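Asks: I'd like to go over a predicted model; first the sequence, then the structure.
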Amino acid sequence: MTTQPQGRVVIAPSLLAADAGRLREEVDDVTRAGADWLHFDIMDGHFVPNLSFGPNVLAALRPHSALPFDVHLMISPVDPYVEAFAKAGADHILFHPEAGPHPHRTLQLIGSLGKLAGIVLSPGTPVESIAWLLELADIVLVMTVNPGFGGQRFLASQLPKIAALRRMIDACGRPIRLAVDGGIAPDTAALVLAEGADTLISGSAVFGAPDRAAVISALRGDPTGRTRDVGC
Ligand code: DX5
Ligand code: ZN
């Protein structure tokens, strides 16, 4: 369960779009299709206007998958639940800086549990808000839809934000992954990779496709199925 090295486009299917009655088979299927991580969207009906699942679902799937579990917390407050997700099998724990009063402390907490820590920027959240958080971040996730639902339309307005974060991360000099989540399909994947993203979260495009391996290859920018490198 190690994170992929920098330089490779990482694909993380979002299980929010999977068939919830067959989650284990869905995990096996996208794993065979070439997924690098599995993305779990955790929603509380308060921070976002939708409910999904809790740590019990991670714990149930954990013995059946060797892929890193990438856990996107859309919950507030966030700190009281971090340890439960860590114990349930999360490898990466990501949260929104608006979800608590002290996001720097939340990053410290995630790191202290031995997990990779991620910050998520909603479409209305400026890049400047995370400038002083980058020192503790392993992943920065740019949302190209408003959090809460799968299947929404990609917001091209966020492309300059991805480019700005690419510059901030390069200047920072630490190996921070730059992920994008929301409306990611092969056409929009090409747009965000061109701005410097290196990690793609995709729900409907992957789980809605009959040939998931073909979609995962196309997301990487290579319809032949070979892995493409990005410069960084
Ligand atoms: C939205 C979630 C996304 C969502 C992506 O709040 O964070 O991960 O599942 O779904 P698609 O790819 O359908 O936009
Ligand atoms: Zn997500």
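Replies: That came in fine, so what should we check first? Residues are numbered from 1 along each chain as shown. Ligands and ions are numbered 1, 2, ... in the order given.

Asks: got the buried residues for stretch 208-225?
Replies: Residues 209, 212-213, 215-221 are the ones in stretch 208-225 that count as buried (16 or more other Cβ atoms under 10 Å). Bear in mind the C-beta positions are built from the backbone N, C-alpha and C, glycine included.

Asks: hmm, who's touching that stretch?
Replies: Contacts with stretch 208-225, where a contact means Cβ atoms under 8 Å, 6 or more residues apart in numbering, come from 9, 11, 13, 17, 29-30, 32-35, 184-186, 189-190, 193, 200, 202, 205-206, 226-228.

Asks: one step back: name the nearest of the buried residues of stretch 208-225 relative to ligand 2.
Replies: Of all the buried residues of stretch 208-225, residue 219 has the smallest distance to ligand 2: 15.1 Å, by Cβ to the ion.

Asks: Quick check: nearest residue in space to that closest one, chain neighbours excluded?
Replies: Once flanking residues are discounted, residue 219 sits nearest to residue 189: 4.6 Å by Cβ to Cβ, 6 or more residues apart in numbering.

Asks: Okay, and the beta partners of the residue nearest the centre of the chain?
Replies: The centroid of the chain falls nearest to residue 201 when counting by Cα atoms, centre = their mean (5.3 Å). Following DSSP bridges, residue 201 is listed with bridge partners residue 12, residue 181.

Asks: So it is in contact with residue 39, correct?
Replies: Yes. Taking Cβ atoms under 8 Å as the definition, residue 201 is a contact partner of residue 39 at 4.9 Å.

Asks: picking up where we left off before, shouldn't the residue nearest to residue 219 be in contact with residue 198?
Replies: No. Contact between residue 189 and residue 198 fails when scored by Cβ under 8 Å: they sit 11.4 Å apart.

Asks: Show me the helices in this protein, by range?
Replies: 23-32, 55-61, 79-88, 103-112, 159-172, 186-194, 204-207, 212-219 (DSSP state H).

Asks: Those: which one's closest to ligand 1?
Replies: Among those, helix 204-207 comes nearest to ligand 1, with 3.4 Å by Cβ to the nearest ligand atom.

Asks: Nice, that's everything, thank you.
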